[in-house]
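> Give me a model of this one.
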Amino acid sequence: MMAFRLLRSVSNAVRCSANIQATINPARALGTFVRQQQQQRQHQHRQHQHRRQLVASFSSSSDTRPNDDPLSSDYRKRAGAMLRTMDKVRQLLALESDIQVPSIVVVGDQSSGKSSVLELLSGVRLPSGRNTVTRVPIEIRLRACPKGADEHAVLVVAGPPGAERADGSSPAFRRLTLADVEQELRNAMDRLVGEDGHVVDKPLALTVYRHEQDEMTLIDLPGIVRLEPGETTTVKNTIEQMYKRYMTPEQAVLLNVMSAHTDIQTCESLQLSRNVDRDSRRTLLCITRADQKADELPGIMTQAKVVCNGQVFCVRCRTDKEQDLTVAEVRTKEQELFRCHASLRNLDDLCKGVGSLSKALVDVQAERIREYFQPLRQQVEAREREYLAQQMQFDGIPTTEVAARTFVRRAVRKAVDGFRADMRGDGQAADFKLCAELAKVDQEFAAKMQTLNSAEYLVSKDFRAKIKDEVAWRSGADGHPGTINPLAAVWVVKQLLKEVPAPLSGLVQQYTAVVESKWCWALEESFQQVSRNVIQNQLKDAARAIILKRSTVARERVQELAEWEETTSMVALDPDYAVQEERALHGVFSLRDTPTTSFFWKRARHQAAEVMPHEVKVLLSLTTEALNALKKLEGWDRELGQFQVRTLVYWANVQRRLTDTAVLSVRHHLVRCIVKNDQLLETLDDAVDAIAKARSGGLLDAIVTPQQHREMDVLNIKLGNVKQARQLLRDQELHG
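From the prediction side, this is the model:
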């Protein structure tokens, strides 16, 4: 009791001494008051100049509106409009991981007071507590609601517009009262992380509408955990990867939240920030629990400014004993702390209190949006062009069964039209025209026919010995004993024709291969947009069946041509043959007076009267040595030599006519009958109907794979979102 009285006496004595000192020295007290007022005015002036500089970077140089004060309603409206545009663009570009929208990323170590700072900024209670409370990224949008409107919040399990068509899920929208935000956030995080309770990168979006709210968008990330010995590193690695993804883009502003109890040199979140932002150009630091380290706080802030080389703020958070207080009451206590505490009273007003932090975030965010607005618009426009180019690959691919039938029939007709155009030589495939390929086959066939029984062989000594007995047996023609019957050449040619079926069969086989290959190529060109080749294979099989059928008919017709040649005499059908024979005989053997009563032979002898030696060589395709050998023949060998010349001329005409008629016949049956008469088109239409009936999924399942469906859906969603984002940015540029 005596001690208490003594202590009170000493306190009264000190107070009286102070009053006496002020009374004795009023000039000193007045000087102290004046200095405090001057310092306060200097702080206000610096704050005003700082805000004007930020506004200058945000406002257009051509903007002549007079009111650019950051606290003015005009500035707030323009900044809020641009911020809302960025929010919509960020949501639309959620599927574009490489296109970044300016944002404020809130990071910090575990239990650093990060959630408490966001609570003070938003004005609503958020989940907080020991250990890891924030387990998913939360995009917090703070918006000012009109006067008279109810304050509320909207919680969204974030997903880009149209995502429900890509993965089967859709964002869940819930309108909440401000009092329900904390519990609903906890419930939503529990549903996202599942039973294991680990951190996952599945974002939530919370929009808070309050009166007189500073508008900004913050991305709250889970706090970095400190591992105890023996604990797994899975959660920490997940969080660090999440930090790098959100913090690395140059468009992101980094708001580091650090407790005043933490050594700034060991703050892990600040170290991560310095790794991605070495010059601290886009880093802000907020020191929490200012009331618990009030005396040391000025020194901590001075050290922080040196270390992070950025803006540093200090705030007072809710204590464990103040859980029942409202956010407004907590902010009131913060104001009292910075106004009354001797160590904090003289701190720069721009750096202390959640109010200063809020204004700085609004200004920095506006500055960042202004800086990256044009690059963002250019990125969005470039991505739109890229998606339009990709969409061209899917252009025309059906999405319904009716469209699939139309698509298939059009593709079949396109293939048939291309087949016809290439047959005429006016198709688009210059490297593989059907007419050109068939011309090559014709030339190869003609060359093979010429190699059968060559001219050198037919006038050779070996051939003469081979036919000697048969010719002698048929001698005595025209009533002249010992003379050779001219028609004996017909019999010899019939023997030569036995070697013709093989080349004729080869001609049909080559035509069939070329036509089939060309048709398969035309089908592939018509269905090149379709990655699934089920319907192509079935249509190719249907086409092969009809081509094979026509090939069989063509083979029968050319064999009939060979048989027809065996039963027909060229002498009676082709008068030019007589001219050629007379010219050959006259040129080789100088025969001028062979008796004849035929008009054709008389005319032939007249036309062959002045034949030149070189003409005979060309006519018979013989060398000079072979001609000289024939001319030296005498007696019966001379008669046989004349017969050989007649046979050669006859065989040359048979070869030429058989080659021409065989080519025309094969072309008629394998090309014209298939295309000109629409036989192939009718067969393929029937095949299309059969395919549609046979498959449970119809033609659509035969054309488009499930993977293609997903790719088309995702591409359409992305393209639609990018188009909307581009239009929003253009509208903002025109009217902002």
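> May I have the phi/psi pair for Val154?
phi -130, psi 120 (degrees, to the nearest 10).
> Could you verify my assumption that it touches Leu176?
Yes - with contact defined as C-beta atoms under 8 Å, Val154 and Leu176 form a contacting pair (7.1 Å). All C-beta spots, glycine's among them, are computed from the backbone N, C-alpha and C.
> who has more neighbours, the two?
Leu176 (19 against 16; other C-beta atoms under 10 Å).
> Gln642 versus that one, what's the distance?
117 Å (C-beta to C-beta, to the nearest Å).
> Same check on Arg464?
11 Å.
> how near is Ile467 to Pro501?
For Ile467, the distance to Pro501 - C-beta to C-beta - is 22 Å.
> ditto for Leu734
82 Å.
> what about those two, which has more around it?
Between Leu734 and Pro501, Pro501 has the larger neighbour count (other C-beta under 10 Å), namely 14 against 7.
> surely that one meets Glu563?
No - using C-beta under 8 Å, Pro501 is not in contact with Glu563, being 9.6 Å away.
> and after the longest helix seen in the chain, which helix or strand comes next?
In the chain, assigned by DSSP state H, the helix with the most residues is helix 354-394. Sequence-wise, the next helix or strand downstream of helix 354-394 (DSSP states H and E) is helix 401-424.
> Identify each buried residue in the helix or strand that that following helix is followed by, please.
Proceeding N to C from helix 401-424, the next assigned helix or strand is helix 434-451, under DSSP H and E. Neighbour-count burial for helix 434-451, counted by 16 or more other C-beta atoms under 10 Å, picks out Leu434, Glu437, Leu438, Val441, Asp442, Phe445, Ala446, Met449.
> what's the average pLDDT for the helix or strand that contains Met258?
Assigned by DSSP H and E, Met258 belongs to strand 252-259. The average pLDDT within strand 252-259 is 91.
> again, but for stretch 632-648
72.
> Over to stretch 399-407?
So the average pLDDT for stretch 399-407 ends up being 79.
> Could you give the separation of it from the chain centroid?
23 Å (C-alpha atoms, centre = their mean, to the nearest Å).
> Same question for stretch 640-657.
68 Å.
> now do stretch 212-220
On C-alpha atoms, centre = their mean, the centre of stretch 212-220 falls 36 Å from that of its chain.
> What's the end-to-end length of that stretch?
Taking C-alpha to C-alpha, to the nearest Å, stretch 212-220 runs 22 Å from one end to the other.
> Quick check: buried residues in it?
Gln213, Asp214, Glu215, Met216, Thr217, Leu218, Ile219, Asp220.
> Three-state assignment for the second one, please.
Classification of Asp214 by DSSP: H, G, I helix; E, B strand; the rest coil places it in coil.
> That one and Ala360 touch, don't they?
No - between Asp214 and Ala360 there is no contact under C-beta under 8 Å: 10.0 Å.
> where does the stretch 301-450 of the chain have low pLDDT?
310, 395-396, 424-432 (pLDDT under 70).
> hmm, try it at 80
Within the stretch 301-450 of the chain, the segments meeting pLDDT under 80 span 307-310, 392-401, 418-436, 450.
> same question, the stretch 151-300 of the chain
157-173, 194-198, 226-234.
> all helices for it, in order.
For the stretch 151-300 of the chain, the helices defined by DSSP state H, counting those that start in this stretch occupy 163-167, 181-193, 234-247, 268-276, 297-308.
> and the second one, which residues are buried?
If you call a residue buried by 16+ other C-beta under 10 Å, then helix 181-193 has these buried ones: Val181, Glu182, Glu184, Leu185, Ala188, Met189, Leu192.
> Can you give the contact residues for it?
By C-beta atoms under 8 Å, 6 or more residues apart in numbering, the residues outside helix 181-193 that reach it are 124-127, 134-136, 138, 153, 155, 157, 174, 176, 197, 199-200, 202, 204, 206, 208.
> Return the members of the residues you listed classed as buried.
Neighbour counting with 16+ other C-beta under 10 Å marks 124-127, 134-136, 138, 153, 155, 157, 176, 199-200, 202, 204, 206, 208 as buried within these.
> what residue lies at the spatial centre of this protein?
Here the mean C-alpha position of the chain is nearest to the C-alpha of Gln390 (C-alpha atoms, centre = their mean), at a distance of 4.7 Å.
> you'd agree it is up against Leu715?
Yes - at 5.9 Å, Gln390 counts as touching Leu715 under the criterion of C-beta under 8 Å.
> what sits against the nearest residue to Thr177 once chain neighbours are set aside?
Distances taken as C-beta to C-beta, 6 or more residues apart in numbering put His152 closest to Thr177, at 6.2 Å, once the chain neighbours are dropped. His152 is in contact with Cys145, Arg175, Leu176, Thr177, Leu178, Tyr209, counting by C-beta under 8 Å, 6+ apart.
> out of these, who's nearest Ser115?
Nearest to Ser115 among these, counting by C-beta to C-beta, is Leu178 at 15.7 Å.
> Count the neighbours of the closest one for me.
18.
> same thing with Pro706?
Applying other C-beta under 10 Å, we find 10 residues neighbouring Pro706.
> Numbering from 36 from now on, please.
Understood, numbering begins at 36; the last thing we discussed is Pro741.
> Pull up the gap between it and Gly732, please.
10 Å.
> Equivalent analysis for Gly229, please.
35 Å.
> And Gly388, by the same measure?
Counting by C-beta to C-beta, the gap from Gly388 to Gly732 is 66 Å.
> contacts for the strand or helix carrying Glu174?
In the assignment (DSSP H and E), Glu174 maps to strand 173-179. The set of residues external to strand 173-179 that reach it, using C-beta under 8 Å, 6+ apart, is 111, 115, 119, 122, 125, 153, 156-157, 193, 220, 238-255.
> That one pairs with which strands, and in what direction?
Paired neighbours of strand 173-179 in the sheet (DSSP bridges): strand 239-245 (parallel), strand 251-255 (antiparallel).
> if we compare those, which one ends up closest to Val365?
strand 239-245 (15.3 Å).
> From the chain's centroid, how far away is the closest one?
Worked out by C-alpha atoms, centre = their mean, strand 239-245 lies 35 Å from the chain centre.
> same question, stretch 287-304
42 Å.
> that older thread, okay, angle between the longest helix of the chain and strand 251-255 too, please.
Angle, helix 389-429 to strand 251-255, by axes from the mean of the first three to the mean of the last three C-alpha atoms, to 10 degrees: 80 degrees.
> What segments of the protein are strands?
In the chain, the strands defined using DSSP state E lie at 138-143, 173-179, 187-192, 208-211, 239-245, 251-255, 287-294, 318-323, 346-349.
> Looking at these, which is nearest to Ser561?
Closest to Ser561 of the strands of the chain, according to C-beta to C-beta: strand 187-192, at 45.1 Å.
> Next one: Asn310 from Ala760, what distance?
30 Å.
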